[in-house]
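[1] Just the structure for this:
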Amino acid sequence: MFKSEDKHGVTLEMVESCFLDNNLIALGEQYHPHTSEDRYGMIGKTNTEEILFACFTIRNGKIRPISARFANKKERSVYEEIC
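    Just a heads-up that it's a prediction; the model follows:
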């Protein structure tokens, strides 16, 4: 099970659908003091029109979601303003 599903109600399928969003906003590297792995952030809309914030890494050439949650008010505003 994807941890964010239990914690935030966001399924892996929802996160995957965000990567198909033509208006996906890549936020670049996200600082995390407890890992040597590069982590990246993004804001995107699911296929059910929900806006998510997700943190992910690229491992062995594959995108691996680390965590995801519903976007907060500021993140939704940024997404809607840009898109």
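[2] how about the strands in the protein?
    Taking DSSP state E as the criterion, the chain contains strands spanning 25-29, 40-45, 51-59, 62-70.
[3] okay, the angle between the last one and strand 51-59?
    Taking axes from the mean of the first three to the mean of the last three Cα atoms, to 10 degrees, one finds strand 62-70 and strand 51-59 inclined to each other by 160 degrees.
[4] Identify the single longest helix in this structure, thanks.
    The longest helix of the chain (DSSP state H) is helix 73-82.
[5] Just want the most central residue of the chain.
    A54 (1.8 Å; Cα atoms, centre = their mean).
[6] who does that residue bridge with?
    Beta-bridge partners recorded for A54 (DSSP bridges): M42, A68.
[7] That one contacts M42, doesn't it?
    Yes. Counting by Cβ atoms under 8 Å, A54 does reach M42; the two are 5.5 Å apart. C-betas here are computed from N, CA, C, even on glycine.
[8] list residues touching both of the two?
    Here A54 and M42 have C18 as joint contacts, going by Cβ atoms under 8 Å, 6 or more residues apart in numbering.
[9] Now for I66: which residues touch it?
    Contacts of I66 by Cβ under 8 Å, 6+ apart are 39, 54-57.
[10] among those residues, who's most crowded?
    Greatest neighbour count in those, by other Cβ atoms under 10 Å, goes to A54: 25 neighbours.
[11] Check that residue and give its pLDDT.
    According to the prediction, A54 has pLDDT 96.
[12] Equivalent analysis for R59, please.
    Reading off the model, R59 has pLDDT 91.
[13] ok, it to E75 distance?
    Note on R59: its distance to E75, by Cβ to Cβ, to the nearest Å, is 25 Å.
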